[in-house]
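> when you get a sec, could you give me coordinates for this:
(one chain, ligands or ions: 1)
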Amino acid sequence: MTTFPADFVWGTATASYQIEGAVAEDGRRPSTWDTFARTPGKVWNGDTGDVACDHYHRFAEDVAIMADLGVDAYRFSVAWPRVVPEGTGAVNQAGLDFYRRVAETCLEHGVQPYVTLYHWDLPQPLEDAGGWLSRSTAEAFAEYARITHEALGDVIGSWITLNEPWCSALLGYAAGVHAPGQQLGTRSLEAAHHLLLGHGLAVQAMRADGGEAPLGITLNLHAVRAASDSEADLEAARRYDGLGNRLFLDPLLRGAYPEDVLADTGTTEWFAERSDDLATIAEPIDFIGINYYSAHTVAAPEDGRFSDPSLPTPTPGSERVVTVDTGAEKTQMGWEIHPDGLVDVLAQVHALAPGLPLYVTENGSAWPDEVGPDGRVEDEDRRRYLEAHLEACREAVARGLPLKGYFCWSLLDNFEWAFGYDRRFGIVRVDYETQQRTVKRSGEFYRDFVARERG
Ligand SMILES: N#[N+]C[C@@H]1[C@@H](O)[C@H](O)[C@@H](O)[C@@H]2O[C@H]12
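Numbering: from 1, shown residues only. Here you go, the predicted structure:
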């Protein structure tokens, strides 16, 4: 059986708004998710990240749990509204100091800090000025990145600029199910462009600041399969792969947008007017992070008729593309379980950028956990999902794909965006009433797997 390289990185991942709480403490100002969560009907049960897992006050305990699990690295995100509370202008030293404490505590426990600079909590004043539909937000992001990199570069092991720009753009500005809750159809591709431009400007700013830490970006890639080899279904798969994957992979790794996607969405001219940005977007990076959860089998709508391409294309799975239920087991999110799809997306990126190091920066599953009379959580479903995807990572390594690490999503149960606290992804349970942490069976499995693979 293939063994993982000795330097393979085993980690866990979280995000600021999902775990920190303390949303108005020590100078933090509102983000778009503070606003969105307070908008009636947007988040399950009216849940907010006001308290979440109280990680802002309990981070030392959480780092100690990671050390006990034996992980090498902790991927967490810096909240922009803690560091530059208004998005631009004044820097909040208390915010920088908090993240320095988190990073130093990690290092004291032998855990490498990996930072994501943007995991969706955009300072509200920037959204009020246009958000990611505005080019100025890309420029503001680069300045925030420079500030944070300059302040924390001595304690951060790796930097990820953006987490899942697809979600920020397509769910935030088209489907409207994420902050800021806009339903602007294909204008969401303008947000995608400004997110990618912000990424490139941030990479340039951090490189100019010096430092040796690797710089990368994290994308949620969709393993896409056509329901049949009919022309209509293959066309549906092309559309889904285009809007879900190539809209981001191509500019980042090929320096060009996919012409078919721009044609599908009637945005060719808009992007042509901004072609000078592509060199910045394609600024060389040191790794790509891939968040993988599921594979999607897609087909053309029953009648085979595609609606007018100029109509809004909120997200893949809109009226042009339907997702087919293959009968595979699903998680509580309704996502089909296809571990082999992880190898497929790793191979897809490798084909575009041979040799570029790859990390699985998120992989995990939500299940309705039960706490036993002994207080334990025997989450066998989550353990099984985890094991299957770790073995998929082993297969990727065996095939010679440059997979360098795996971060389990998530260390803790946390605020699951529009699902609030109804969905638990943690390998460590959080009792939101008491904030007690309990390592689940899946967490024990991950600990034992890592120890065994490390030899
Ligand atoms: N849903 N879901 C779980 C998980 C979400 O909690 C993360 O914040 C995102 O980066 C990504 O969507 C994946």
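> start from the N-terminal end of this structure and give the strands.
Across the chain, reading from the start of the chain, the strands by DSSP state E fall at 9-13, 73-77, 112-118, 158-163, 215-220, 223-226, 287-291, 295-299, 322-324, 358-362, 403-409, 428-431, 436-439.
> contact partners for the nearest residue to L171 once chain neighbours are set aside?
Sequence neighbours aside, H178 is the residue nearest to L171 in space, at 3.9 Å (criterion: Cβ to Cβ, 6 or more residues apart in numbering). Just so you know, the C-beta spots here come from the backbone N, C-alpha and C atoms, and that holds for glycine as well. Neighbouring residues of H178 by Cβ atoms under 8 Å, 6 or more residues apart in numbering: F36, W120, C167, S168, L171, G172, W417, A418.
> so what does D374 have for phi and psi?
phi -90, psi 0 (degrees, to the nearest 10).
> then the one 4 residues further on?
Main-chain dihedrals, E378, degrees, to the nearest 10: phi -90, psi 70.
> what score does the residue in the stretch 1-150 of the chain positioned nearest to the ligand have for pLDDT?
Here the stretch 1-150 of the chain gets closest to the ligand at one residue, A15, 4.9 Å apart by Cβ to the nearest ligand atom. Confidence at A15, expressed as pLDDT, is 99.
> worst mean pLDDT among the strands of the chain?
strand 322-324 (a mean of 86).
> and the contacts of that strand?
Surrounding strand 322-324, the residues in contact under the criterion Cβ under 8 Å, 6+ apart are A227, A236, H296, T297, V298, A299, A300, P301, E302, G317.
> and the stretch 151-300 of the chain, which residues reach the ligand?
Within reach of the ligand by Cβ under 6 Å from any ligand atom, the stretch 151-300 of the chain has these residues: N163, E164, N220, N291.
> and the residues you listed, which of them are buried?
N163, E164, N220, N291 (16 or more other Cβ atoms under 10 Å).
> who does the third one form a beta bridge with?
Beta-bridge partners of N220, counted by DSSP bridges, are N291.
> also the first one?
Beta-bridge partners recorded for N163 (DSSP bridges): T218.
> show me the contacts for I427.
When contacts are counted by Cβ under 8 Å, 6+ apart, I427 touches 12, 69, 364, 382, 386, 408, 410-411, 439-440, 442-443, 446.
> each with direction, which strands does the worst-scoring helix or strand of the chain on mean pLDDT pair with?
For the chain, the helix or strand with the lowest mean confidence is strand 322-324, at a mean of 86 (criterion: mean pLDDT, DSSP states H and E). According to DSSP bridges, strand 322-324 forms sheet pairs with strand 295-299 (antiparallel).
> dump the partner strand to CSV, restricted to CA.
Coordinates of the C-alpha atoms in strand 295-299 are reproduced here as CSV (Å, rounded to 0.1, in the frame of the first residue of the first chain):
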residue,chain,number,x,y,z
ALA,A,295,-19.1,14.9,-7.3
HIS,A,296,-22.0,16.1,-9.5
THR,A,297,-23.7,14.1,-12.3
VAL,A,298,-25.4,16.5,-14.6
ALA,A,299,-27.8,16.5,-17.5
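> what does that strand rub up against?
Under Cβ under 8 Å, 6+ apart, the answer for strand 295-299 is 222-228, 232-233, 236-237, 240, 244, 316-317, 321-324, 326, 336, 338, 340-341, 344.
> give the PyMOL command for selecting the buried subset of those residues.
Taking 16+ other Cβ under 10 Å as the burial criterion, the selection of buried members of the contacts of strand 295-299 in PyMOL is written as:
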select buried, resi 222+223+224+225+226+227+232+233+236+237+240+244+316+317+321+322+323+324+336+338+341+344
